[in-house]
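> Provided below are the primary sequence and the corresponding predicted coordinates.
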Amino acid sequence: NDRTRLLITDKNVGLPFIETFKLIRTKIENVNLKKGYSVFCITSSTESEGKTTCSVNTALSLAKGGKSVLLIDADLRKPAVCKTLGISVEGEKGVYDIVTGKKSFEESVKYIEKLNLYLLVASAAVQDPSETLASEAMADIIQQARENFDYAFVDLWRDTSDGVDMYIKMKKLEALSPKT
């Protein structure tokens, strides 16, 4: 049971799972049309509620539809987006490096061609993620995401980041499954 690879792009994933994320994609596109929202933070209060799986698959669903999508791994406690995507990013620069001034936003965002997805990794786990995420530099990252992409999704442990248009709080991934 490899939960790290539950992706809508995998052939072994069932149609109900894929359709769930198409429905989420449609709802997000409608919110974008009605309210202009383009930056969404997917968060949860505890571990293993499906936040990263939801972030990744929602971003992939929009990217498959031809939108320019940035996925930001801002879970600076336990970054998991790259593991979920099956991508090795050891040594890559990301959120923490931008916030601390070591790299720029442009230098840190990577394009994953096979997924048509832009990715901003966390860099590494840090001791005090709340301070980092509440910084003005993090708000600047969100603003640059808004200006440069059709959509941005922030995978975040808690809702501590400024500038996000809408928070989507996970309770359990099973809650996303269609009723049968």
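Okay, I see it.
> now the helices: where do they sit in the chain?
15-35, 51-64, 81-85, 95-99, 105-108, 129-133, 136-148 (DSSP state H).
> which of the residues in the last one are buried?
Read that as helix 136-148. Residues of helix 136-148 classed as buried by neighbour count (16 or more other C-beta atoms under 10 Å): 138, 141, 142, 144, 145, 146. All C-beta atoms are positioned from the backbone trio N, CA, C, and that covers glycine.
> CA-only coordinates of it in CSV, if you can.
Taking C-alpha atoms only, helix 136-148 is exported to CSV below (Å, rounded to 0.1, in the frame of the first residue of the first chain):
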residue,chain,number,x,y,z
GLU,A,136,6.8,39.2,4.5
ALA,A,137,9.0,37.2,2.2
MET,A,138,6.4,34.4,2.2
ALA,A,139,3.7,36.9,1.4
ASP,A,140,5.9,38.0,-1.6
ILE,A,141,6.1,34.4,-2.8
ILE,A,142,2.3,34.2,-2.8
GLN,A,143,2.0,37.5,-4.6
GLN,A,144,4.5,36.4,-7.3
ALA,A,145,2.6,33.1,-7.7
ARG,A,146,-0.6,35.1,-8.2
GLU,A,147,1.1,37.3,-10.8
ASN,A,148,2.9,34.6,-12.8
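> Give me the packing partners of it, helices and strands only.
When contacts are defined as 3 or more C-beta pairs under 8 Å, 6 or more residues apart in numbering; DSSP states H and E, helix 136-148 packs onto strand 39-44, strand 69-73, helix 95-99, helix 105-108, strand 151-155.
> Check the fourth one too.
With contacts taken as 3+ C-beta pairs under 8 Å, 6+ apart, helix 95-99 sits against helix 105-108, helix 129-133, helix 136-148.
> where does the protein dip in pLDDT?
1-4, 45-46, 158-180 (pLDDT under 70).
> measure the spatially closest residue to residue 67 that is not a sequence neighbour to residue 50 for me?
Distances taken as C-beta to C-beta, 6 or more residues apart in numbering put residue 150 closest to residue 67, at 4.2 Å, once the chain neighbours are dropped. As judged by C-beta to C-beta, to the nearest Å, residue 150 and residue 50 stand 24 Å apart.
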